[in-house]
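Undergrad: after the sequence you'll find the predicted model.
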Amino acid sequence: MSKLRVAVLGAKGRIGSAAVKAVEDAEDMELVAALGRHDSLDVLTSSGAQVAVELTTPDSVMTNLEYCVANGIHAVVGTTGWSEERLATLDGWLKTSPSTGVLIAPNFSIGAVLTMKFAQIAAPYFESVEVVELHHPHKVDAPSGTAQRTAQLIAEARRAAGSAPMPDATATALEGARGADVEGVPVHAIRLRGLLAHQEVLLGGEGETLTVRHDSLHHSSFMPGVLLGVRRVVDAPGLTFGLEHFLDLG
Ligand SMILES: NC(=O)C1=CN([C@@H]2O[C@H](COP(=O)(O)OP(=O)(O)OC[C@H]3O[C@@H](n4cnc5c(N)ncnc54)[C@H](OP(=O)(O)O)[C@@H]3O)[C@@H](O)[C@H]2O)C=CC1
Ligand SMILES: O=C(O)C1=N[C@H](C(=O)O)C[C@H](O)C1
């Protein structure tokens, strides 16, 4: 069987360099290009890439994806910064290239995907839910894409269950003290030397709390998800948001 021809964008970055190695080590893939900020996107077409793994920055991702979709190159995207507006723009490009697939994965690690799933299940059963994400100090954005997605899923689950708004009688003396408000769910971002990527979902009810915590201790935690995304996206035309759609999570 022929190998999947894969390119990595953001190849010198923290996660991009790990992805380069993971693709090189995968027996069913061939790394055909490893691009940095100043490389021409035409390398993607001249190298015959079938799938681009996009691990750059929120300011670069849209230009890169526009090129990929216009040239029928599938994409697996880990880069953050996804607003409703950006998703709609990407969806519009994909309509002009209906056989091309793009996976956007707020988090590639299985534990983080499960954290989101568990939080979604638990959220309607508790009066209060808050999300705390903790990352290394070089992270480009806050809060993390994972935390925003987790909060959206929590809010969605609570709306579907008809949950009451969360009680919060605090009068804040300093702006930001209660974190960011994502659809009514408070999200707090910690940046600390020594950390990599971590998240806690704290749920509180009468006389009890439940904490769902996930820790990515090394960038290798993201690689099985990246490779799964590459293998599956070629048969998944259109936009897929979340790695859970490529996992059998029930
Ligand atoms: N979904 C997931 O599971 C994960 C997602 N991420 C996300 O991935 C992104 C990257 O994170 P991280 O690796 O830590 O960041 P880094 O800053 O370490 O890496 C980003 C890399 O992309 C390069 N780059 C920027 N623009 C372009 C471009 N147009 N073409 C090619 N390369 C480009 C940068 O080059 P230069 O330095 O020259 O600017 C840099 O080498 C972030 O959005 C992060 O949140 C991270 C980990 C896991
Ligand atoms: O920048 C990071 O490091 C990470 N970014 C992603 C996010 O914002 O959710 C995924 C993971 O948290 C690591």
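TA: Here it is on my side, so go on. Ligands and ions are numbered 1, 2, ... in the order given.

Undergrad: what's around the residue in the chain positioned nearest to ligand 1, how many residues?
TA: Across the chain, no residue is closer to ligand 1 than residue 13, which sits at 2.1 Å (Cβ to the nearest ligand atom). Placement of C-beta: from N, CA and C, glycine included. Using other Cβ atoms under 10 Å, the number of residues around residue 13 comes to 20.

Undergrad: list the contacts for it?
TA: Residue 13 sits next to 55, 56 when contact means Cβ atoms under 8 Å, 6 or more residues apart in numbering.

Undergrad: check residue 28 too.
TA: 1, 3, 4, 231.

Undergrad: repeat for residue 22
TA: Counting by Cβ under 8 Å, 6+ apart, residue 22 has contacts 223, 226, 227.

Undergrad: sticking with it, tell me its helix or strand.
TA: Assigned by DSSP states H and E, residue 22 belongs to helix 14-25.

Undergrad: in that helix, what counts as buried?
TA: 15, 16, 17, 18, 19, 20, 22, 23 (16 or more other Cβ atoms under 10 Å).

Undergrad: which residues touch the nearest residue to the fourth one once chain neighbours are set aside?
TA: Right, residue 18. Nearest residue to residue 18, sequence neighbours excluded (Cβ to Cβ, 6 or more residues apart in numbering): residue 219, at 4.1 Å. Contacts for residue 219 were tallied using Cβ under 8 Å, 6+ apart; they are 14, 15, 18, 196.

Undergrad: how about 10 Å then?
TA: Applying Cβ atoms under 10 Å, 6 or more residues apart in numbering to residue 219 gives the contacts 13-19, 21-22, 108-109, 196-197, 226.

Undergrad: could you do residue 220 as well?
TA: 18, 21, 22, 109.

Undergrad: in a helix, that's where residue 33 is, yeah?
TA: No - counting by DSSP: H, G, I helix; E, B strand; the rest coil, residue 33 falls outside a helix, being strand.

Undergrad: mind checking how far it is from ligand 2?
TA: In this view, residue 33 and ligand 2 are 23 Å apart by Cβ to the nearest ligand atom, to the nearest Å.

Undergrad: hang on, that residue packs against residue 10?
TA: No - the criterion here is Cβ atoms under 10 Å, and residue 33 misses it with residue 10 at 11.9 Å.
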